[in-house]
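In: could you look at this predicted model? Sequence included:
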Amino acid sequence: MLHRLNSSGGRIRAVFATTALWAFGCSAAFAAAHIAPGDKIELTVFNHPDLSGPITVSTAGDARVPVAGSVNVAGLSEQAASARIEGALSAYLYHPSVDVRLTAQGQSIFFTGSMVGVQAYQPGETLGAAIGAFRQALNTNQTSGSASINSIDLRRVRLKHEGTVSPEIDLEALGRTGESGPQLAPGDAVLLRTKPIRVDVRGNLPTPTAVYVNPGDTLAQAVAEVGPYSPTTSLATIGLRRDGVDSTVTAGGGAFTQPAHDGDIVTLQPAPRVSVLGMVEKSGDITLQTRPTLLNALYEAGGPNRFADLAHIKISHDGATQTYDISKLAHGELSQNVPVRDGDVVFVPEGHKIDMGAFATVLGALTSLKFVSGL
């Protein structure tokens, strides 16, 4: 019996020893850790129990200390945090003595910089995966007029781990090689930056939008951030204000294919709608997204049928009517391919049976000059 008691006592002593070692290890681990947003600390202000108690570190890394207010403790050890809070309290107390103990580490990943947020830490999660989840959450909750999730500069992301900030990480370059960046730990902070070039896009879209691009990105890439063009948007007459100067550009060339400038303002114009009636394949209203000309209007209407009179095509605008002979276009007389405007009515009268090969010759010649489907 005595032997068994001694044996049990030995096992109990072993358990106590193991527990003590585990507790010492946890204490040592906390002591070596740096305080991060989301962590819980125990603040003791000696001789001032009313100023003592548990504190949860904010997403900005601040500890809300009674009397002293917000004190930033992110990245500090317990000893350094104690000293900083003592300094903050010294304006209100005579020789304050403070002790800070880290009691629990936050299980969150923090985003700060151009966009701020918190999301739950997922074991094994990489930097790229965390930012992807963060952007998806922003996209779900985004409201009209809020900053675009595409403004995040994935080429210049930094990671703050236990007070140490990494060099810039290019997630776009890593993504091209199939990598997604380093693994994260609870309490890590992801430092985000906004792309440096802002372009405002307004006009024929539901909501004016500010988009951000990197140096070297074209104006077309900037506008593409808004989404695909509406079918009612003109691709031939897009307003551009750059450095206080207004101009008209097309979506297929010129300034649109060159790098965007910070402060550019792009105004998308509604495409003109015209009515094409008479001897055409598809009579009715059409929208001219590309070059708004007479020939383009006929082309979008399916072309004239075999009974059309190409020499007497009429365009009515604001009650005035003019007649044009597009058969001359085959001989290079481009003056007959006149512009059409919103609300115009194009009427193709009936004449003698025409040689559709002649119209095909006109279309072929002008297509090569980008007068039909080009910009």
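Out: Yes, it's here. Numbers count the residues shown, from 1 in each chain.
In: check whether Leu294 really touches Val340, as I assumed.
Out: Yes: between Leu294 and Val340 there is a contact under CB atoms under 8 Å: 5.8 Å. C-beta here means a position set from N, CA and C on the backbone, and glycine is covered the same way.
In: so for these two, which residues contact both of them?
Out: Shared contacts of Leu294 and Val340, defined by CB atoms under 8 Å, 6 or more residues apart in numbering, are found at Ile315, Val346.
In: and the two? Which one has more around it.
Out: Shown here are Leu294 and Val340; by other CB atoms under 10 Å, Val340 has more neighbours (25 against 22).
In: got the contact list for that one?
Out: Contacts of Val340 by CB under 8 Å, 6+ apart are Pro272, Val274, Leu288, Pro292, Thr293, Leu294, Asn296, Ala297, Ile315, Val346.
In: partners of the second one in the sheet?
Out: Okay, so that is Val274. The partner list for Val274 in beta bridges (DSSP bridges) reads Ile286.
In: for the last one, same thing?
Out: Per DSSP bridges, residues listed as beta-bridge partners of Val346: Val276, Ile315.
In: show me where pLDDT drops low in the chain?
Out: For the chain, applying pLDDT under 70 flags the ranges 1-33, 140-148, 352-375.
In: one more time with 50, if that's ok
Out: Flagging of the chain using pLDDT under 50 yields the residue ranges 1-31, 143-146, 365-375.
In: still on that earlier bit, among the contacts of Val340, which lie within strands?
Out: Within the contacts of Val340, residues falling in strands by DSSP state E are Val274, Ile315, Val346.
In: spell out the secondary structure type for the most centrally placed residue in the chain.
Out: Centroid-nearest residue in the chain, with CA atoms, centre = their mean: Asn150, separated by 1.1 Å. Taking DSSP: H, G, I helix; E, B strand; the rest coil as the rule, one finds Asn150 in the helix state.
In: now the strands for the stretch 101-250 of the chain?
Out: Taking DSSP state E, counting those that start in this stretch to define them, one finds strands in the stretch 101-250 of the chain at 108-113, 117-120, 158-161, 164-165, 189-192, 197-203, 209-213, 233-242, 245-249.
In: want to throw the ones in strands among the contacts of Val340 into TSV with neighbour count and distance to Gln183?
Out: Converted to TSV, the ones in strands among the contacts of Val340 look like this (neighbours: other CB atoms under 10 Å; distance: CB to CB, whole Å):
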residue	neighbour count	distance to Gln183
Val274	25	59
Ile315	20	67
Val346	21	64
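In: nearest to Thr233, of those residues?
Out: The nearest member of the ones in strands among the contacts of Val340 to Thr233, counting by CB to CB, is Val274 at 15.9 Å.
In: quick check, Glu281 in contact with Gly303.
Out: Yes: using CB under 8 Å, Glu281 is in contact with Gly303, at 5.8 Å.
In: more neighbours, the two?
Out: Neighbour count, other CB under 10 Å: between Glu281 and Gly303, Gly303 has more, with 18 against 12.
In: so that one is in contact with Val276, correct?
Out: No: Gly303 is beyond contact range of Val276, at 10.1 Å (criterion: CB under 8 Å).
In: quick one: contacts for the residue lying closest to Ser234 once chain neighbours are set aside?
Out: Spatial nearest neighbour of Ser234, excluding adjacent residues (CB to CB, 6 or more residues apart in numbering): Ala271 at 4.0 Å. Ala271 makes contact with Thr232, Thr233, Ser234, Leu235, Thr287, Leu288, Gln289, Pro292 under the criterion CB under 8 Å, 6+ apart.
In: tell me the phi and psi of Ala271?
Out: The phi and psi values for Ala271, taken as degrees, to the nearest 10, are phi -70, psi 140.
In: before we move on, the earlier item: which of the contacts of Ala271 tops the neighbour count?
Out: In the contacts of Ala271, the most neighbours by other CB under 10 Å go to Ser234, 27 neighbours.
In: helix, strand, or coil at the spatially closest residue to Ser77 that is not a sequence neighbour?
Out: Distances taken as CB to CB, 6+ apart put His34 closest to Ser77, at 6.0 Å, once the chain neighbours are dropped. The three-state label for His34, taken from three-state DSSP, comes out as coil.
In: could we number from 47 for the rest of this?
Out: Sure, I'll start counting at 47 from here, so that last one is His80.
In: just checking, His80 touches Gly121?
Out: Yes: using CB under 8 Å, His80 is in contact with Gly121, at 5.2 Å.
In: which residues are common contacts for these two?
Out: With CB under 8 Å, 6+ apart, His80 and Gly121 have common neighbours Glu208, Gly209.
In: please enumerate the helices of the stretch 47-196 of the chain.
Out: Remark: helices assigned in the stretch 47-196 of the chain by DSSP state H, counting those that start in this stretch are 48-78, 124-135, 173-187.
In: so Tyr138 versus Pro112, what's the distance?
Out: Computed as CB to CB, to the nearest Å, the Tyr138 to Pro112 distance reads 10 Å.
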